[in-house]
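> Sharing a model that was predicted from the sequence below.
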Amino acid sequence: MNDGLILGLVLILLLAACGLPLFAVLAAVAILGFHLAGYDLIVVAVEFYRLADMPGLVAIPLFTLAGYVLGESGAPRRLVRLSEALLGWLPGGLAIVALVACAFFTAFTGASGMTIVAIGALLYPALREAGYPQNYSLGLVTSSGSLGLLFAPSLPLILYGFVAGQLQTEQPVTIEALFLAGIVPGLLMVAVLSGHAMWVGRRLPRPVRKTGKGDLRAALRDAGWELPLPVLVLGGIYSGLFTASETAAVTALYVLVVTVGIKKEITLGKLPAVIAEAGRMVGAVLLILGLAMAMSNWLVDQEVPARLFELSRGWIHSPLAFLLALNVLLLFAGMLMDIFSAIVILTPLLLPVAVGYGVHPVHFGIVMLANLQIGYFTPPVGMDLFIASYRFGIGLPTLVRACLPFFLLVGLCVLLITWWPALSLGVGSLPG
């Protein structure tokens, strides 16, 4: 690495610390690297243009649109009502309702902050009224916002699939494989937190239902249009009926027809604003993704991942030791970066190293997302902490203390997911 490159990278890092946007940081690194390597800088534009050739890219905007439309509709309220009818009778039933509803909603919106605003605002007052301690209620609604990130059709899962797919590892990474691989790890987290909820709520009075079956039937009818969505996504893909892109198109069309045409919860006048909001999210992700592809190709051209692997072999000698170090690194990355930035920046660097240690790229992706998920509610820049603080009018120190038990429980799940690859690879019968 020559002096000019080092000086340039230091200057870029200083500008980033002063608030330079991430896409500009990525562009600057790519331009500097290719320039010093003697390439024509048109290569950066060419790499960005390659986005148009990525198969299945249309899945990102279409799933994002479906999620934003669901978020603006009455789906969060109906989902909470159905979950309560199914699970409210259990000890800690309302807390389990919160976990299940948040996981489902985040899976489709891909935005944990939206889940806190849309569902947490409904459940936090209900939890307090039911007698749950304030700290537990705050920690639950803040940490549960990120639970659905391992479930299809989560946007971070799709994004990792695109970035990893460009690296052309020997064991291919597909979005379909990632959708399957996230099921058991995601359910493990929900189950562990549900067990904790039952312990916390074991002595709380349970709601008395005079017409329990009637409530359930009414809730099923009310949520009847949302219930087919998981079947549509997973069933469509794994039956071979649809590709991931076609599933995204069908899902977006279905959601639009239901919310705008049938239930009329979003008027035609309001729809353009919802589409614009989803478009801004997609635009930011694609801009970062395109420039990250250019930067990652420069890194590969300079053999940076190979050098990292050779360097790590000097002090990390086993796959388990590497995975432990990876957990620590990703946890710190999640504390300091948002999940989309972390995926596009770290995947090209770390995935080749992980493959060198014999880690399956799909398993690596689930481990990465599980760790970054914790970063959503971990200081100093956990996004969900700030959203919950603003939404509920609670100070950050109080929220951090409230989230600590959930951090420990989810962290335990992450260790199990990391050291037990079959949790990720067993469902899809992928080679370990």
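Done, it's in. The structure presented is a predicted model; accordingly, all values stated were derived computationally and were not measured.

> When you work out contacts or count neighbours from here on, use the C-alpha atoms and nothing else.
OK.

> wait, what's in contact with residue 95?
Neighbour list for residue 95: 127, 140, 194, 197, 201 [criterion: CA atoms under 8 Å, 6 or more residues apart in numbering].

> And it, how far from residue 387?
Note on residue 95: its distance to residue 387, by CA to CA, to the nearest Å, is 20 Å.

> where along the stretch 251-400 of the chain do the helices fall?
271-301, 304-312, 319-336, 339-356, 361-375, 383-392, 396-419 (DSSP state H, counting those that start in this stretch).

> most packed of the ones you listed?
Of all the helices of the stretch 251-400 of the chain, helix 361-375 has the most neighbours on average by mean count of other CA atoms under 10 Å, namely a mean of 27.

> relative to helix 319-336, how tilted is it?
Inter-element angle recorded for helix 361-375 and helix 319-336: 40 degrees (by axes from the mean of the first three to the mean of the last three CA atoms, to 10 degrees).

> Which neighbouring elements make contact with helix 361-375?
Contacts defined by 3 or more CA pairs under 8 Å, 6 or more residues apart in numbering; DSSP states H and E place helix 361-375 against helix 155-165, helix 175-181, helix 319-336, helix 339-356, helix 396-419, helix 422-425.

> and that helix, how far out from the chain's middle?
Distance of helix 361-375 from the chain centroid (CA atoms, centre = their mean, to the nearest Å) equals 9 Å.

> now stretch 123-136
Relative to its chain's centre, stretch 123-136 lies at 26 Å (CA atoms, centre = their mean).

> can you pull the buried residues of that stretch?
Neighbour counts over stretch 123-136 (16 or more other CA atoms under 10 Å) mark 123, 124, 126, 127, 130, 132, 135, 136 as buried.

> Could you list which of these belong to helices?
Counting by DSSP state H, the part of the buried residues of stretch 123-136 found in helices is 123, 124, 126, 127, 135, 136.

> hang on, the earlier thing: can you say which of the helices of the stretch 251-400 of the chain is nearest to residue 36?
helix 271-301 (10.7 Å; CA to CA).

> Report the angle between the closest one and helix 339-356.
Angle, helix 271-301 to helix 339-356, by the same axes, to 10 degrees: 30 degrees.

> Can you tell me the closest non-neighbouring residue to residue 73?
Nearest non-adjacent residue to residue 73, counting by CA to CA, 6 or more residues apart in numbering: residue 265, 5.6 Å away.

> Check the gap between the one you found and residue 70 for me.
10 Å.

> care to break the chain down by domain?
What automatic domain parsing lists as the domains of the chain is 1-39, 40-425.

> can those go into a markdown table with extra columns for mean pLDDT?
Shown next, in a markdown table, are the domains of the chain (pLDDT from 0 to 100):
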| stretch | mean pLDDT |
| --- | --- |
| domain 1-39 | 79 |
| domain 40-425 | 82 |
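
> Near the nearest residue to residue 40 once chain neighbours are set aside, how many residues? Count them for me, please.
Leaving out its chain neighbours, the residue that sits closest to residue 40 by CA to CA, 6+ apart is residue 34, at 7.4 Å. By other CA atoms under 10 Å, the residues close to residue 34 number 22.

> Then residue 118?
Neighbour number of residue 118 under other CA under 10 Å is 20.

> Contact partners for it?
71, 76.

> Quick check, the residue nearest to residue 73 in contact with residue 259.
Yes - counting by CA atoms under 8 Å, residue 265 touches residue 259, with 5.5 Å between them.

> Geometric centre of the chain: which residue is closest?
Nearest to the geometric centre of the chain sits residue 149, at 3.4 Å (CA atoms, centre = their mean).

> Skipping its backbone neighbours, what lies nearest that one in space?
Nearest to residue 149 is residue 107, by CA to CA, 6+ apart, at 5.6 Å.

> That neighbour touches residue 152, doesn't it?
Yes - judged on CA under 8 Å, residue 107 makes contact with residue 152 at a distance of 6.0 Å.

> tell me the helices in the stretch 51-200 of the chain, going along the chain?
For the stretch 51-200 of the chain, the helices defined by DSSP H, counting those that start in this stretch occupy 59-72, 75-87, 93-109, 112-115, 121-129, 134-143, 155-165, 175-181, 183-200.

> so which of these gets nearest residue 273?
helix 59-72 (10.3 Å).

> Might you calculate how far that closest one sits from the centre of the chain?
14 Å.

> Compute the inter-axis angle for that helix and helix 271-301.
Counting by the same axes, to 10 degrees, helix 59-72 lies at 140 degrees to helix 271-301.

> what's helix 59-72 packed up against?
Using 3+ CA pairs under 8 Å, 6+ apart, helix 59-72 is in contact with helix 93-109, helix 155-165, helix 244-256, helix 271-301.

> Quick one: closest of these to residue 190.
Residue 190 lies closest to helix 93-109 among the helices and strands packed on helix 59-72, at 6.6 Å (CA to CA).

> which residue packs closest to residue 253, ignoring adjacent ones?
Sequence neighbours aside, residue 66 is the residue nearest to residue 253 in space, at 8.0 Å (criterion: CA to CA, 6+ apart).

> How about residue 245?
Nearest non-adjacent residue to residue 245, counting by CA to CA, 6+ apart: residue 59, 4.6 Å away.

> Give me the next element, helix or strand, following the helix or strand hosting residue 221.
Taking DSSP states H and E as the criterion, residue 221 maps to helix 212-222. Once helix 212-222 ends, the next helix or strand along the chain (criterion: DSSP H and E) is helix 228-230.

> related to what we said a few turns ago, quick check: the residue nearest to the centre of the chain touching residue 369?
Yes - at 7.5 Å, residue 149 counts as touching residue 369 under the criterion of CA under 8 Å.

> Please enumerate the shared neighbours of these two.
Joint contacts of residue 149 and residue 369 (CA under 8 Å, 6+ apart) are 156, 157.

> okay if I get the helices and strands packed on helix 361-375 as TSV plus distance to residue 237?
Output for these, formatted as TSV (distance: least, CA to CA, whole Å):
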stretch	distance to residue 237
helix 155-165	14
helix 175-181	7
helix 319-336	30
helix 339-356	24
helix 396-419	24
helix 422-425	18
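
> between the ones you listed, which gets nearest to residue 117?
The minimum distance between residue 117 and the helices and strands packed on helix 361-375 falls on helix 396-419, with 15.5 Å, by CA to CA.

> Residues in contact with that closest one: which ones?
Helix 396-419 is contacted by residues 135-136, 138-140, 142-143, 185, 188-189, 192-193, 320, 323, 363, 367, 370-371, 374, 377-379, 385-386, 389, 423-424 when judged by CA under 8 Å, 6+ apart.

> could you dump that helix to CSV, C-alpha only?
The C-alpha trace of helix 396-419 is given here as CSV (Å, rounded to 0.1, in the frame of the first residue of the first chain):
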residue,chain,number,x,y,z
LEU,A,396,-31.5,6.9,26.2
PRO,A,397,-29.8,5.6,29.4
THR,A,398,-33.1,4.2,30.6
LEU,A,399,-33.6,2.5,27.2
VAL,A,400,-30.1,1.0,27.2
ARG,A,401,-30.7,-0.5,30.7
ALA,A,402,-34.1,-1.8,29.6
CYS,A,403,-32.6,-3.5,26.5
LEU,A,404,-29.7,-5.2,28.4
PRO,A,405,-31.6,-8.5,29.2
PHE,A,406,-32.7,-8.7,25.6
PHE,A,407,-29.2,-8.1,24.4
LEU,A,408,-28.0,-11.0,26.5
LEU,A,409,-30.8,-13.4,25.4
VAL,A,410,-30.4,-12.5,21.7
GLY,A,411,-26.6,-12.7,22.0
LEU,A,412,-26.9,-16.2,23.4
CYS,A,413,-29.0,-17.1,20.3
VAL,A,414,-26.4,-15.6,18.0
LEU,A,415,-23.7,-17.8,19.6
LEU,A,416,-25.8,-20.9,19.0
ILE,A,417,-26.5,-19.8,15.4
THR,A,418,-22.8,-19.2,14.9
TRP,A,419,-21.4,-22.5,16.3
